[in-house]
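**Q** Provided below are the primary sequence and the corresponding predicted coordinates.
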Number of protein chains: 2
Amino acid sequence: MPTKPNTERFTLHPQLARDCHPLGQLGFCHLLLHRNATLPWFILVPETHLEDLLDLPAALRSKALDDAALVSRFIKEELDYPKVNFAAIGNLVPQMHLHVIGRCESDPCWPDPVWGHLKDSADWSPEQIASMKTRIQSLI
Amino acid sequence: MPTKPNTERFTLHPQLARDCHPLGQLGFCHLLLHRNATLPWFILVPETHLEDLLDLPAALRSKALDDAALVSRFIKEELDYPKVNFAAIGNLVPQMHLHVIGRCESDPCWPDPVWGHLKDSADWSPEQIASMKTRIQSLI
């Protein structure tokens, strides 16, 4: 059975909880904002015991991708980033999670991918997080 | 118009042509095998003028993901890799292309992602490429 039964409570992997701010719930995924405020780096966590995106049954995979596409539109249309990187890696954190990251040629690790290349930076302020939450909720 | 008209001939980006061996055509994507033979690193190229996976209309996005899921099953079931990394980045090569990569804890850049971390290695032999082509065609 691919998805977690509704009777079980969803628990976020402690590494994701440490690295991110929770922004709420999309259609299928929990939405997180990575604390590194250099870039708009969102992480989507579907409720499933499976670890690899491409192992999800097609219907659930589509739901996860619908959520990712909504976040991508937010990054491009609301935050004005021209490019979005998308990845499901999970070599360090086994809980399935999808990266949706706004990129531009003037960002601090362009053209490298962020993983292993993006230096630590200041966190988002509480006001920035609250504003991000409100703006993204209005798209759902 | 999101997809390239059928009357136009598809041209692979020269960087992808240099880096990869062509393995054939899946349902929607051209299938390539990266020349770095350290890992089974497949690259799928959908025929579209769009650059970011999450900008594809949902129906085409599903077709691209179906192709990626087939390659992922091949990596896990036929090549015996326990883990698959999936990404659509395209910061260096703008033509839309999807990475589907077999990973395991004993591989040479585990747990880092391959981009910027995997050293050059020997290429696949012509026999290995022919065998890969035959085995993957049998799944289509």
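**A** Cool, the structure landed. Numbers count the residues shown, from 1 in each chain, chains lettered A, B, ... in the order given.
**Q** Which stretches in chain A count as helices?
**A** Along chain A, counting by DSSP state H, helices occupy A:14-19, A:58-73, A:126-137.
**Q** which of those is buried the deepest?
**A** Highest mean neighbour count of those: helix A:58-73, a mean of 20 (counted as mean count of other Cβ atoms under 10 Å in any protein chain shown). Where C-beta positions appear, they are placed from N, C-alpha and C, glycine not excepted.
**Q** Give the bridge partners for residue A:85, please.
**A** Note on residue A:85: beta-bridge partners by DSSP bridges are residue A:101.
**Q** Now for it, how many residues are close by?
**A** 24 (other Cβ atoms under 10 Å in any protein chain shown).
**Q** how near is it to residue B:38?
**A** To residue B:38, residue A:85 is 23 Å away according to Cβ to Cβ, to the nearest Å.
**Q** Identify the spatial nearest neighbour of residue A:113, chain neighbours not counted.
**A** Nearest residue to residue A:113, sequence neighbours excluded (Cβ to Cβ, 6 or more residues apart in numbering or on different chains): residue B:115, at 4.9 Å.
**Q** now residue A:37
**A** In space, residue A:37 is closest to residue A:124, 4.6 Å off (Cβ to Cβ, 6+ apart).
**Q** and what of residue A:70?
**A** Counting by Cβ to Cβ, 6+ apart, the residue nearest residue A:70 is residue A:139, at 6.1 Å.
**Q** what's the pLDDT at residue A:137?
**A** At residue A:137, the model reports a pLDDT of 87.
**Q** give me the number of residues near the closest residue to it other than its chain neighbours?
**A** Spatial nearest neighbour of residue A:137, chain neighbours left out: residue A:24 (6.3 Å); criterion: Cβ to Cβ, 6+ apart. Residue A:24: 11 surrounding residues under other Cβ under 10 Å.
**Q** Just the strands from chain A, written as ranges.
**A** A:20-25, A:29-34, A:41-46, A:83-88, A:98-103 (DSSP state E).
**Q** Let me have those strands in TSV, extended by mean pLDDT.
**A** Below are the strands of chain A laid out as TSV (pLDDT from 0 to 100):
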stretch	mean pLDDT
strand A:20-25	96
strand A:29-34	97
strand A:41-46	98
strand A:83-88	98
strand A:98-103	98
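**Q** can I get those in CSV with distance to residue A:131?
**A** Below are these laid out as CSV (distance: least, Cβ to Cβ, whole Å):
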stretch, distance to residue A:131
strand A:20-25, 11
strand A:29-34, 11
strand A:41-46, 15
strand A:83-88, 20
strand A:98-103, 15
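**Q** Residue B:51: which of those strands is closest?
**A** Residue B:51 sits nearest to strand A:83-88 of all the strands of chain A, at 7.6 Å, using Cβ to Cβ.
**Q** any low-confidence regions in chain A?
**A** Where chain A drops to pLDDT under 70, the residues are A:1-8.
**Q** Show me which residues of it sit near chain B.
**A** A:51-55, A:58, A:61-62, A:65-66, A:68-69, A:72-73, A:83-92, A:100, A:103, A:110-113, A:115-117 (Cβ under 8 Å from any Cβ of the partner chain).
**Q** hmm, back to that, can you list the helices of chain A in TSV and add distance to residue B:131?
**A** Formatted as TSV, the helices of chain A follow (distance: least, Cβ to Cβ, whole Å):
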stretch	distance to residue B:131
helix A:14-19	39
helix A:58-73	29
helix A:126-137	47
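**Q** I'd like to know which of those helices is closest to residue B:29.
**A** Of the helices of chain A, nearest to residue B:29 by Cβ to Cβ is helix A:58-73, at 15.4 Å.
**Q** Return the angle between stretch directions for that closest one and strand A:41-46.
**A** Put simply, helix A:58-73 runs at 160 degrees to strand A:41-46, going by axes from the mean of the first three to the mean of the last three Cα atoms, to 10 degrees.
**Q** Output helix A:58-73 as CSV - backbone C-alpha positions only.
**A** Presented in CSV, the C-alpha positions along helix A:58-73 are these (Å, rounded to 0.1, in the frame of the first residue of the first chain):
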residue,chain,number,x,y,z
ALA,A,58,0.9,7.6,-11.7
ALA,A,59,-2.1,9.2,-10.1
LEU,A,60,-0.3,10.2,-6.9
ARG,A,61,2.8,11.3,-8.9
SER,A,62,0.5,13.6,-10.9
LYS,A,63,-0.8,15.1,-7.7
ALA,A,64,2.7,15.7,-6.4
LEU,A,65,3.7,17.3,-9.8
ASP,A,66,0.5,19.5,-9.7
ASP,A,67,1.7,20.8,-6.4
ALA,A,68,5.2,21.4,-7.7
ALA,A,69,3.9,23.2,-10.8
LEU,A,70,1.8,25.5,-8.6
VAL,A,71,4.9,26.4,-6.5
SER,A,72,6.9,26.9,-9.8
ARG,A,73,4.2,29.3,-11.1
